[in-house]
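Chemist: Pasting a predicted model and its sequence here:
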Amino acid sequence: MAKFLLKSDIDEVCQRLAVPAQAFAGKTVLLTGGRGFLGRYFVEIFARLNESVLEQPVTLVALDNLITSGQEGATIPEIENMRFLNHDVTQPFEWVGSLDYVIHAAGIASPYYYRAYPLETLEVAITGTRRMLELAEANSARFVFFSSSEIYGDPDPKHVPMAESYRGNVSCQGPRACYDESKRVGETLCYIYNTTHGTKTNTIRPFNVFGPGMQETDYRVLPNFASRIKGGEPLNVYGSGNQTRTFCYITDAMVGFLLVLLRGVSGEAYNIGNPKPEISMVNLVKKIEVLSSKSVEYNIVEYPDSYPADEPNRRAPDIRKARLQLSFNPQVDLDQGLKRFFDWANTVYTGEQ
Ligand SMILES: NC(=O)c1ccc[n+]([C@@H]2O[C@H](COP(=O)([O-])OP(=O)(O)OC[C@H]3O[C@@H](n4cnc5c(N)ncnc54)[C@H](O)[C@@H]3O)[C@@H](O)[C@H]2O)c1
């Protein structure tokens, strides 16, 4: 068990999936981005399914080039029935043997990193997705692509919460375009392989997933806040502070992702997130203050050079499709999720970014 995750969270996911996860018995899964935040959860969940749920083990092959996986990701665990390969998914990958599922989670997900690596961000979602789709097609494997809620861009308020049918409002230029536009092309590639090659594809659009395992060097909002609280520093809220997000605790998100892989209607995209509450960044700070029972200082600051401005004003998912087609129902509310995350971060973080 990676020291960076909570055993109780992994158990919770495996219990919630005990019945549908039987479909993984004896199967082979290829996971890209296997040393990232979500990738490390997939690894631990498959390991736990093998230990306690499946009669025949699932075999997992995890690829990652470690570009943003940080210190924790670079520590490769030795787990039975699992192999880790240091591989850049934009490069050809030879596979001999059967392959049943491909989870393409490699990506450059944190705004801090896609500001630093714009071309790598484009390539992993375009060339990387194409290579993984070719592999899925050649092996008749089910394919799941990790897209993003960012493909909706800065939404028209009348489309909030966003349903999968909303086409978005995205700029092809600007500091965020490398991420948003490449995820859109990745989705188009899935559409093409599904409609013209018959590959069974699904697209997942996660909405701000958080939880233990997010490293201090991740620089997404919650690890950023937790690190500064630990270091006794005021929080920096970028922009106006009125921009809203919803946050989905990791156990709910992992259940949703795996339900897409197991039950997704071929060719479909699914929002996976927790629709409530849609909260502004300033109110998020106030909530953290109440939950931690101590005063939390914050400053509203300009976007620093290291962080892409031009961020969406609102983001909230409509998850009716995932509820209806996958029986996806988030169970961990924001207060509970924040408590689990901050309790964990308080013991693991150093406060020195
Ligand atoms: N976590 C979220 O809330 C969220 C939200 C929206 C979308 N997503 C998407 O889900 C996926 C996983 O997110 P995450 O939070 O685990 O991100 P992460 O940054 O923690 O992990 C991504 C992993 O992909 C690896 N990677 C990047 N480029 C690669 C390449 N060319 N070849 C091989 N490996 C490569 C990185 O080294 C890293 O370990 C990403 O595609 C991300 O864009 C995540």
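Modeler: In hand now; what should we look at? In this text the structure is predicted, and so the values were computed from the model without any measurement. Numbering: from 1, shown residues only.
Chemist: Return the alpha-carbon coordinates of the helix or strand where Arg48 lies using CSV.
Modeler: Element membership for Arg48, per DSSP states H and E: helix 37-52. C-alpha atoms of helix 37-52 as CSV (Å, rounded to 0.1, in the frame of the first residue of the first chain):
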residue,chain,number,x,y,z
PHE,A,37,-2.5,11.0,-8.8
LEU,A,38,-5.4,9.0,-10.4
GLY,A,39,-3.0,6.3,-11.8
ARG,A,40,-1.7,5.4,-8.3
TYR,A,41,-5.3,4.9,-7.2
PHE,A,42,-6.0,2.6,-10.1
VAL,A,43,-2.9,0.5,-9.1
GLU,A,44,-3.9,0.2,-5.5
ILE,A,45,-7.6,-0.6,-6.3
PHE,A,46,-6.6,-3.3,-8.8
ALA,A,47,-4.1,-4.7,-6.2
ARG,A,48,-6.9,-4.8,-3.6
LEU,A,49,-9.4,-6.4,-6.0
ASN,A,50,-6.8,-9.1,-6.6
GLU,A,51,-6.3,-9.6,-2.9
SER,A,52,-9.8,-9.8,-1.7
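Chemist: For the residue of the chain found nearest the ligand, which non-adjacent residue is closest in space?
Modeler: Closest approach between the chain and the ligand, counting by C-beta to the nearest ligand atom: Gly36, at 1.8 Å. Placement of C-beta: from N, CA and C, glycine included. Distance criterion C-beta to C-beta, 6 or more residues apart in numbering; nearest residue to Gly36, sequence neighbours excluded, is Ser69 at 5.5 Å.
Chemist: again with Glu137
Modeler: Thr199 (4.6 Å).
Chemist: helix, strand or coil for that neighbour?
Modeler: Assigned with DSSP: H, G, I helix; E, B strand; the rest coil, Thr199 falls in the coil class.
Chemist: Could you check the pLDDT of it?
Modeler: At Thr199, the model reports a pLDDT of 98.
Chemist: what sits against it?
Modeler: Listed by C-beta atoms under 8 Å, 6 or more residues apart in numbering, the contact set of Thr199 reads 133, 136-137, 143, 193.
Chemist: How much space separates it from Leu324?
Modeler: Distance, Thr199 to Leu324, by C-beta to C-beta, to the nearest Å: 24 Å.
Chemist: ok, now Pro20?
Modeler: From Pro20 to Leu324 the distance is 16 Å (C-beta to C-beta).
Chemist: Specify which residue of the two has the higher count of neighbours.
Modeler: When Pro20 and Leu324 are compared for neighbours, Pro20 comes out ahead with 16 against 9, by other C-beta atoms under 10 Å.
Chemist: Helices of the stretch 101-250 of the chain, start to end?
Modeler: In the stretch 101-250 of the chain, the segments counted as helices under DSSP state H, counting those that start in this stretch are 111-116, 118-138, 177-197, 221-230, 250-263.
Chemist: and the fourth one, what does it pack onto?
Modeler: Counting by 3 or more C-beta pairs under 8 Å, 6 or more residues apart in numbering; DSSP states H and E, the packing neighbours recorded for helix 221-230 are strand 235-238, helix 281-292, helix 334-348.
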